[in-house]
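*Asks:* here's a sequence, model it:
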Amino acid sequence: MGGSRGVAGRIKILAGQEKAQISISAEASEPVSPRPGRRERNKQEKLARIVGAARKLFRERGYADTTTLQIAEAADIGTGTLFLYARSKEDLLVLVFRDEMLETARAAFASVDRSAPLLDQLMQVFTSMLDYHEEDRDIAGILLREIAIPNSPGEPTDVTELLTMIFSGLADLVKAARPPGAGADEAAALLIAENLFANYYLGLLARIGGRTTKKQFLDRLRRLLAITLNGAA
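*Replies:* Next up, the predicted model:
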């Protein structure tokens, strides 16, 4: 009896060791993302300080009354270093608020009531995006102008991810609203999405510029979106 218990114990130990070896082998086979080097980490830390300082100053003092020197001092860097990350104050503004706009758009699509008619879904998305820009219309006006026609020299701050996500999200709503069996032409859906966004963007420029009230903007946008959807059907 004692011998059989000893054999059983050894079998359990060996089985446990084998499981441990399998676990270690599995962990070793999983790809591990390389940790950024010191230089890259320093670069990321400086960028985070610049973005944080610029956002705080833009919000507190306003865009016009904030200088690049003040931003550099708040970020504890030299102005020369600042211009390695952004070529102008306008470019810096887009850099600072690009991620906020991206998160706003993501949240807008995530909160859409997919059981509602397509027109209502689109209005939900665009109203959420409008509400974000309504928080500071002075900054919004500069942001919208810089996205459309950059004022800074060289390559503008990249907003491709933002626009791609918006167009893709709108196209997904369009495709999901099609009747069963109608097909899903990705290229056509993206073209419709760009047209829908153009209606929103042009109206937003007028709203931020003070040429319309919020209600006028939303009422006109609903009519324009309805015309676009009916024409695309």
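
*Asks:* quick one: pLDDT of the residue nearest to the spatial centre of the chain?
*Replies:* Among the residues of the chain, the one closest to the centroid is residue 102, at 2.0 Å (CA atoms, centre = their mean). pLDDT recorded at residue 102 is 93.

*Asks:* so it is in which element?
*Replies:* Element membership for residue 102, per DSSP states H and E: helix 89-110.

*Asks:* go ahead and confirm the residue nearest to the centre of the chain touches residue 162.
*Replies:* Yes. Using CB atoms under 8 Å, residue 102 makes contact with residue 162 at a distance of 5.1 Å. Where you see a C-beta, it was placed from the backbone N, CA and C, and this is true even at glycine.

*Asks:* so who does the residue nearest to the centre of the chain touch?
*Replies:* Applying CB atoms under 8 Å, 6 or more residues apart in numbering, we find residue 102 in contact with 161, 162, 165.

*Asks:* now do 10 Å
*Replies:* Contacts for residue 102 (CB atoms under 10 Å, 6 or more residues apart in numbering) come out as 159, 161, 162, 163, 165, 166.

*Asks:* just checking, which of those residues belong to helices?
*Replies:* 161, 162, 163, 165, 166 (DSSP state H).

*Asks:* make a ChimeraX selection of the buried ones in the residues you listed.
*Replies:* One line in ChimeraX is enough to select the buried ones among the ones in helices among the contacts of residue 102; burial here means 16 or more other CB atoms under 10 Å:
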select :162,166
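
*Asks:* wait, doesn't residue 209 sit right on residue 142?
*Replies:* No. With contact defined as CB atoms under 10 Å, residue 209 does not count as touching residue 142 (11.7 Å).

*Asks:* domain ranges for this protein, per the record?
*Replies:* The chain is divided into the following domains under automatic domain parsing: 39-85, 87-232.

*Asks:* pLDDT of the first one, averaged?
*Replies:* In this case it means domain 39-85. The model assigns domain 39-85 a mean pLDDT of 91.

*Asks:* for that domain, what is the distance to the chain centroid?
*Replies:* 21 Å (CA atoms, centre = their mean, to the nearest Å).

*Asks:* measure that domain end to end?
*Replies:* With CA to CA, to the nearest Å applied, domain 39-85 spans 15 Å between its terminal residues.

*Asks:* report the buried residues of the helix or strand hosting residue 173.
*Replies:* Per DSSP H and E, residue 173 falls inside helix 160-176. Neighbour counts over helix 160-176 (16+ other CB under 10 Å) mark 162, 166, 167, 169, 170, 171, 172, 173, 174, 175 as buried.

*Asks:* look up the closest residue to residue 44, ignoring the ones flanking it.
*Replies:* Excluding the flanking residues, the one nearest residue 44 by CB to CB, 6 or more residues apart in numbering is residue 36, at 7.0 Å.

*Asks:* what's around the one you found, how many residues?
*Replies:* Look at residue 36: counted by other CB atoms under 10 Å, it has 11 neighbours.

*Asks:* which phi and psi does it have?
*Replies:* According to degrees, to the nearest 10, the main-chain angles of residue 36 amount to phi -60, psi 140.

*Asks:* quick one: it from residue 169, how far?
*Replies:* Taking CB to CB, to the nearest Å as the measure, residue 36 falls 30 Å from residue 169.

*Asks:* show me the helices in the chain, by range?
*Replies:* For the chain, the helices defined by DSSP H cover 2-29, 38-61, 68-74, 79-85, 89-110, 118-134, 137-148, 160-176, 186-208, 214-232.

*Asks:* show me which positions of stretch 192-201 end up buried.
*Replies:* Buried, per 16+ other CB under 10 Å, within stretch 192-201: 192, 193, 195, 196, 197, 199, 200, 201.

*Asks:* should've said stretch 89-103
*Replies:* 89, 90, 91, 92, 93, 94, 95, 96, 97, 98, 101, 102.
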